[in-house]
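Fold the stuff below for me.
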Amino acid sequence: MTRTVYIETYGCQMNVADTELMLGALGRDGYVQVDTPAGADLMLVNTCAVRDNAEQRVIGRLGELQQHKRRGSVLGVVGCMAQRLGPKLLAEVPRVDLVAGPDAYRNLATLVAQAAQGSRVSDTEFRSWEHYEDVPPVRQTAATAFVTVQRGCDYKCTFCIVPYTRGPERSRTLEEVVREVRQLAGQGTSEVTLLGQTVNSYHDGTHDFADLLRAVGAVDGIRRVRFTSPYPTDFTDRVIEAMATTPAVCEHVHLPVQSGSNAVLKRMLRRYTREEYLEVVARLRRAMPAITFSTDIIVGFPGETEAQFQETLSLVEAAGFDDAYTFRYSVRDGTPAVRLKDHVPEDESAERLERLIEVVRRQAKVRNMARVGSRHEVLVERPAKRGDLLLGRTRTNHLVLVDLPPEAIGEYHEVELTGTTGSTFTGRIARPALTVLA
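Sure, this is the predicted structure:
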């Protein structure tokens with residue numbers, strides 16, 4: 001008998017990839033994905049635990065999903081929040097039947113069967129050997145794909161819950177990654193994004209991240225290779241050389257900085273200084289002059305002074321970011337930062353966040369306005385959320401609205417940028433073809 005599963009995914013690209021894994025694991029037991037919770041035999045919420053408001057949003061959503069429960073159906077919480085809270089979630093949300101961490105997805109069908117019989121079950125065991133090599137993901141798109149190459153994290157930054165929700169770092173073998181990428185290319189995928197918590201620290205015991213980039217970039221049919229998220233000090237000379245000399249590697253790096261103040265970076269237990277971070281940016285730019293950067297920044301970390309915040313603002317301008325994901329510090333139980341004193345008042349951190357966003361947006365707009373009129377290769381990815389246009393992405397990770405029919409999804413087109421809102425571009429198909437500009 002066919003059973004149906006509905007999954008909502010919150011958080012990072014790793015969670016998106018894990019949802020694809022869960023669909024693959026459940027598919028082997030006869031589950032078929034549906035787009036609405038109404039009537040689903042299994043409802044799963046794949047969660048993020050990085051920030052408290054993400055967890056509160058999930059708690060609220062679980063209350064809504066409870067309304068769709070019926071006899072024999074199962075409501076489950078999976079992912080990082082499930083790992084962090086474990087069985088406590090069963091007590092907090094009485095109608096949740098199942099809690100499973102990121103290393104328990106292989107056992108989902110068994111857990112669901114137990115829950116459907118009336119048991120309330122939890123599996124948050126860490127399994128350092130688990131890479132799900134034999135589980136074929138069910139991916140949502142064909143043109144692009146996430147490929148997990150590393151799980152867990154050994155860099156225990158004081159603000160971060162990830163090492164405690166995903167366990168220690170471990171890398172898949174290069175051969176297994178290449179096998180998966182070849183399979184994807186055979187199915188029509190031309191762009192892959194390699195995923196890891198500190199992806200450029202990848203090492204399978206024999207091969208490092210430079211070897212992996214070259215091997216994946218050499219797979220026939222793969223036209224673009226991206227990766228996220230790297231750690232600044234793991235950009236070795238070998239890795240940078242591989243990036244610069246592997247044509248498929250795209251000219252964009254998401255490079256989390258978190259703060260521009262050495263004092264704050266030290267309290268965060270980040271393994272670099274402001275100066276070392278900017279030197280990494282400079283080395284990457286020397287090797288790949290067309291490269292663009294995005295980043296993550298936290299404001300209001302315990303003890304952050306106005307002067308230290310100003311150092312973050314000045315680093316944003318010095319690094320020349322094209323985009324930034326900005327956050328106010330959020331206390332996470334279980335992280336070392338909960339023991340830090342001198343918390344920044346909420347109204348003060350909120351005001352700093354507003355100032356930071358204004359600087360990031362102003363800088364991005366200036367840089368993007370200068371790109372209007374240039375031509376870029378665009379991979380058409382999906383329909384835009386509004387209107388009849390499609391969204392494409394340049395190698396430098398800029399989104400471009402283009403007027404093409406739906407069947408153009410998955411195609412590459414040379415596009416002239418005709419305007420920008422400050423973040424997204426508009427573009428027209430360029431004819432005749434000219435040299436693609438960075």
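
low-confidence ranges in the stretch 51-200 of the chain?
Applying pLDDT under 70 to the stretch 51-200 of the chain flags no residue at all.

And the helices in it, which stretches?
For the stretch 51-200 of the chain, the helices identified by DSSP state H, counting those that start in this stretch occupy 52-65, 80-85, 88-92, 108-116, 162-166, 174-186, in order along the chain.

Select, out of those, the one closest to A142.
Proximity to A142, assessed across these by C-beta to C-beta, is greatest for helix 174-186 (8.9 Å). All C-beta spots, glycine's among them, are computed from the backbone N, C-alpha and C.

Throw the helices of the stretch 51-200 of the chain into CSV and include distance to D41, thanks.
Rendered in CSV, the data for the helices of the stretch 51-200 of the chain read as follows (distance: least, C-beta to C-beta, whole Å):
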stretch, distance to D41
helix 52-65, 13
helix 80-85, 19
helix 88-92, 20
helix 108-116, 8
helix 162-166, 27
helix 174-186, 29
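
Comparing these, which stretch has the densest surroundings?
For those, the stretch with the most neighbours on average is helix 80-85, a mean of 25; neighbours defined as mean count of other C-beta atoms under 10 Å.

Need the residues that contact that helix.
Outside of helix 80-85, the residues within contact range by C-beta atoms under 8 Å, 6 or more residues apart in numbering are 11, 15, 47-50, 54-55, 58, 89, 92, 99-102, 124, 161-162, 164-166, 334.

and the lengthiest helix in the chain, how far out from the chain's middle?
Ranked by number of residues, the top helix in the chain under DSSP state H is helix 346-369. Counting by C-alpha atoms, centre = their mean, to the nearest Å, helix 346-369 is centred 22 Å from the centre of its parent chain.

cool, and stretch 394-412?
For stretch 394-412, the gap between its own C-alpha mean and the chain's C-alpha mean amounts to 21 Å (C-alpha atoms, centre = their mean).

Could you do stretch 383-395 as well?
Relative to its chain's centre, stretch 383-395 lies at 20 Å (C-alpha atoms, centre = their mean).

hey, C-alpha coordinates of that stretch in CSV?
Once non-C-alpha atoms are left out, stretch 383-395 reads as follows in CSV (Å, rounded to 0.1, in the frame of the first residue of the first chain):
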residue,chain,number,x,y,z
PRO,A,383,10.3,30.4,-12.2
ALA,A,384,10.4,33.7,-10.4
LYS,A,385,8.0,34.0,-7.4
ARG,A,386,6.0,36.6,-9.2
GLY,A,387,5.1,37.1,-12.8
ASP,A,388,6.0,35.0,-15.8
LEU,A,389,9.8,35.5,-15.8
LEU,A,390,12.4,32.9,-14.9
LEU,A,391,15.4,33.2,-12.5
GLY,A,392,18.9,32.4,-13.6
ARG,A,393,22.2,32.6,-11.8
THR,A,394,25.6,33.8,-13.0
ARG,A,395,28.8,32.1,-12.1
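
after the longest helix of the chain comes which helix or strand?
Tracing the chain C-terminally past helix 346-369 and defining elements by DSSP states H and E, one meets strand 375-383 next.

Packing partners of that next one?
Contact partners of strand 375-383 among helices and strands, from 3 or more C-beta pairs under 8 Å, 6 or more residues apart in numbering; DSSP states H and E: strand 390-394, strand 399-402, strand 412-420.

so what strands line up beside the second one?
Just to be clear, that refers to strand 399-402. If you go by DSSP bridges, strand 399-402 pairs up with strand 390-394 (antiparallel), strand 425-429 (parallel).

which outside residues touch the first one?
Residues outside strand 390-394 that contact it (C-beta under 8 Å, 6+ apart): 376-384, 399-404, 406, 408-409, 413, 415, 424, 427.

got the angle for it vs strand 375-383?
Angle between the axes of strand 390-394 and strand 375-383 is 140 degrees (criterion: axes from the mean of the first three to the mean of the last three C-alpha atoms, to 10 degrees).
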